[in-house]
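Peer 1: Return a 3D structure for these sequence lines:
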Amino acid sequence: MATKFCMQCAGEFIDAVDRCPDCDLELVDERPSDHLDPTADGAGEGAGGQVQYELHEWAVESRVMLEQLLESGGIRHAWSGTDLIVSAAVEARVDALVDQVEVTTLPTLDPDLPKLAYDIDDWSDEQQTLLMHALDEVAIAYEFDLDGALVVLEENEERVEIILDKIEFPDALPVDDGLDDDGTDHGDEADGGERDEDDDDEDEERADSVDGLEAAEVMSDLFVASDRLLRNARDAEGVLTLVARADVARRMRLPYGFSRAVWTDIVGQAATVKGMLEGDDADDETIEEHAKLLRDTLRQYV
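Peer 2: Okay, here's the model as predicted:
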């Protein structure tokens, strides 16, 4: 007969029972680690319930590492599929172990590559958390030095600076040079410098519709251009298309369905390749490597 278990008292009950009658806690499917005293770490009566960690996105190796840390730390716990369940009394300890595993599995910086440091000591805790989440989401490796500065690879400079600006200046408007993609000036001079509310409303409507309708087209063009450039950094059509569409992407608002971190990274990668194409410092191999990175990022969206 199938049974369930209580995380707090380690009691075993038939499958038809959903809550422990003594502890009033929801039962779990797997027997908790029971080598500990049930009242250890405040896990006894009045401990405040239990906490569940959803770890289905973790690799198996990461969950195994966490299991080993929990065992070595003597923390009573149970698994419900890929979800970890612990007493609320030990939540702070488990949070620290979860962070330890996540840091261990993050991309690491190549010690042989040049690096940059950014002083974010005056940032709030919320801003620093947003920054780490944004960097993790787009798989940009980073570290913090002894002074608390953010350290990244020099090759990711433009991508990182775009993310930094988005977090530090979330309400900043995109730069508008008054030119269309073909270089035509349609600034205020064309109508004598006068604009009314209808013009502003029309511009806002057009900006919203362009972002919604053209996002897929812009990404498709960038994908094709970067695919050409990873094969030949001097491909004329690839160069012209990427430079033009990188500027369009930079001016677009956040497309529907994209997280800000992912879209910011796409724009940053396109800007990095564009800067290399327009400058004289990057060699063909470096351009091709960054074009491949952009192509691989865009592949899942086009």
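Peer 1: domain assignment for the protein?
Peer 2: The chain resolves into domains spanning 3-104, 115-168, 211-299 when parsed by automatic domain parsing.
Peer 1: which residues sit in contact with the closest residue to D235 other than its chain neighbours?
Peer 2: The shortest distance from D235 to any residue that is not its chain neighbour, by C-beta to C-beta, 6 or more residues apart in numbering, is 4.5 Å, and that residue is R228. From N, CA and C alone the C-beta is placed, and that goes for glycine too. By C-beta atoms under 8 Å, 6 or more residues apart in numbering, the contact list for R228 reads D235, E237, G238, T241.
Peer 1: And the helix or strand hosting V86, what's buried?
Peer 2: Assessed by DSSP states H and E, V86 sits inside strand 83-87. Using 16 or more other C-beta atoms under 10 Å as the burial criterion, the residues of strand 83-87 that qualify are L84, I85, V86, S87.
Peer 1: Quickly list what the third one is bridged to.
Peer 2: Okay, so that is V86. Applying DSSP bridges to V86 gives these bridge partners: V51, H77.
Peer 1: that older thread, what helices or strands is the helix or strand just after the strand holding V86 leaning on?
Peer 2: Heading C-terminal from strand 83-87, the first helix or strand you meet, by DSSP H and E, is helix 91-104. Packing partners of helix 91-104 (3 or more C-beta pairs under 8 Å, 6 or more residues apart in numbering; DSSP states H and E): strand 50-54, helix 60-72.
Peer 1: Tell me where the stretch 151-300 of the chain is predicted with low confidence.
Peer 2: 171-213 (pLDDT under 70).
Peer 1: so where do the helices sit in it?
Peer 2: 157-168, 197-231, 236-251, 260-278, 284-299 (DSSP state H, counting those that start in this stretch).
Peer 1: between the ones you listed, which one is nearest to E12?
Peer 2: helix 260-278 (44.7 Å; C-beta to C-beta).
Peer 1: Next, the buried residues of the closest one.
Peer 2: Result for helix 260-278 [16+ other C-beta under 10 Å]: buried residues 261-277.
Peer 1: was I right about A149 contacting W123?
Peer 2: No. Look at A149 against W123 with C-beta atoms under 8 Å: they stay out of range, at 11.0 Å.
Peer 1: between those two, which one's more packed in?
Peer 2: W123 (18 against 14; other C-beta atoms under 10 Å).
Peer 1: Got the confidence number for that one?
Peer 2: pLDDT recorded at W123 is 86.
Peer 1: just the CA coordinates of stretch 147-157, formatted as CSV?
Peer 2: Output in CSV follows, covering the C-alpha atoms of stretch 147-157 (Å, rounded to 0.1, in the frame of the first residue of the first chain):
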residue,chain,number,x,y,z
ASP,A,147,36.2,45.3,-3.1
GLY,A,148,32.7,44.2,-4.3
ALA,A,149,33.2,45.3,-7.9
LEU,A,150,31.6,43.3,-10.8
VAL,A,151,34.3,41.6,-12.9
VAL,A,152,33.5,40.4,-16.5
LEU,A,153,35.4,39.5,-19.6
GLU,A,154,36.4,42.4,-21.7
GLU,A,155,34.8,40.8,-24.8
ASN,A,156,31.4,41.2,-23.1
GLU,A,157,31.9,44.9,-22.3
